[in-house]
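Trainee: Pasting the sequence and the predicted model now:
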Amino acid sequence: MPDSSATQAGFFQSARMPDPDWWEVLWPDPAKVLADVGIEPGMRVADLCSGDGWFTLQIARIAAAVIAIDLDPQLLDLARIRLKEAGVANGHFVTSDAYDIAAAVGKPVDHVFLANTFHGAPDHTRLARAVHDALEPDGLFTVINWHDRPREETTVLGKPRGPLTALRMSPEAAIATVEPAGFKLHRLVDVSPYHYGAVFKRTSG
């Protein structure tokens, strides 16, 4: 991903949307990713930093409702169109800073899903605390992260992709920043070829 977002207020470092031509190549089966991390029918889910809705649509097809949250209203417009064209009507779209997720969702949700963005947060534990306050007492928080590998080893369509090597987090590093915010690791999921999913359960009030 390009690092242009680092200079834009409110955007996480190296966490902008990827080029459309390789989004589908990177995530050919988003529904499987969601099933693996535990998004289930009946849930009310927040797709945090949702971008143009690649995962939002698939969440909407599984869950009772999905709230797409992003700081970029233009990307939310694309997500809204994506769901409309698919004939899906249980999506809600909120322009908001990620740290304000509790206000954005209105009432606690069952699952917060965050893909490709956690690495760029200036304060990972602060973000996890914000998510904690947006969840039901036993709610789940999924972080999809790039593996901690050199950027030149993660190629998509022949070019290195993903965040800068220095920003990448091992599962252990992600766990160490999220658990102090009132979570316990629930499961780790391999998301081939370049990602893992760390699923946390809210444990404290």
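Mentor: Okay, I see it.
Trainee: for this protein, longest strand please?
Mentor: strand 135-146 (DSSP state E).
Trainee: What is the helix or strand following that one packed up against?
Mentor: Per DSSP states H and E, the first helix or strand lying C-terminal to strand 135-146 is strand 155-156. Where contact means 3 or more CB pairs under 8 Å, 6 or more residues apart in numbering; DSSP states H and E, strand 155-156 is packed against helix 20-26. C-betas here are computed from N, CA, C, even on glycine.
Trainee: What are the buried residues along the helix it packs on?
Mentor: Residues of helix 20-26 classed as buried by neighbour count (16 or more other CB atoms under 10 Å): W23, L26.
Trainee: helices and strands around the longest strand of the chain, which ones?
Mentor: Going by 3+ CB pairs under 8 Å, 6+ apart, strand 135-146 lies up against helix 30-37, strand 109-115, helix 124-132, helix 171-178, strand 183-191, strand 195-202.
Trainee: what are the pairing partners of the last one, and which direction each?
Mentor: If I follow you right, that is strand 195-202. Partners of strand 195-202 in the sheet, by DSSP bridges, are strand 135-146 (antiparallel), strand 183-191 (antiparallel).
Trainee: Identify all contacting residues around the longest one.
Mentor: When you say that, I think you mean strand 135-146. 33, 37-39, 108-116, 118-119, 128, 131-132, 154, 162-163, 168-169, 171, 174, 178, 183, 186, 191, 194-202, 205 (CB atoms under 8 Å, 6 or more residues apart in numbering).
Trainee: Repeat that for the shortest one.
Mentor: For strand 183-191, contacts defined as CB under 8 Å, 6+ apart pick out 33, 36-38, 128, 132, 140-141, 144, 171, 175, 178-179, 196-203.
Trainee: now the contacts of strand 135-146: which count as buried?
Mentor: For those, buried by 16+ other CB under 10 Å: 33, 37-39, 108-116, 118-119, 128, 131-132, 154, 162-163, 168-169, 171, 174, 178, 183, 186, 191, 194-202.
Trainee: okay, the angle between the longest strand of the chain and helix 124-132?
Mentor: Note on geometry: by axes from the mean of the first three to the mean of the last three CA atoms, to 10 degrees, strand 135-146 and helix 124-132 are set 140 degrees apart in direction.
Trainee: And strand 135-146, how far out from the chain middle?
Mentor: 9 Å (CA atoms, centre = their mean, to the nearest Å).
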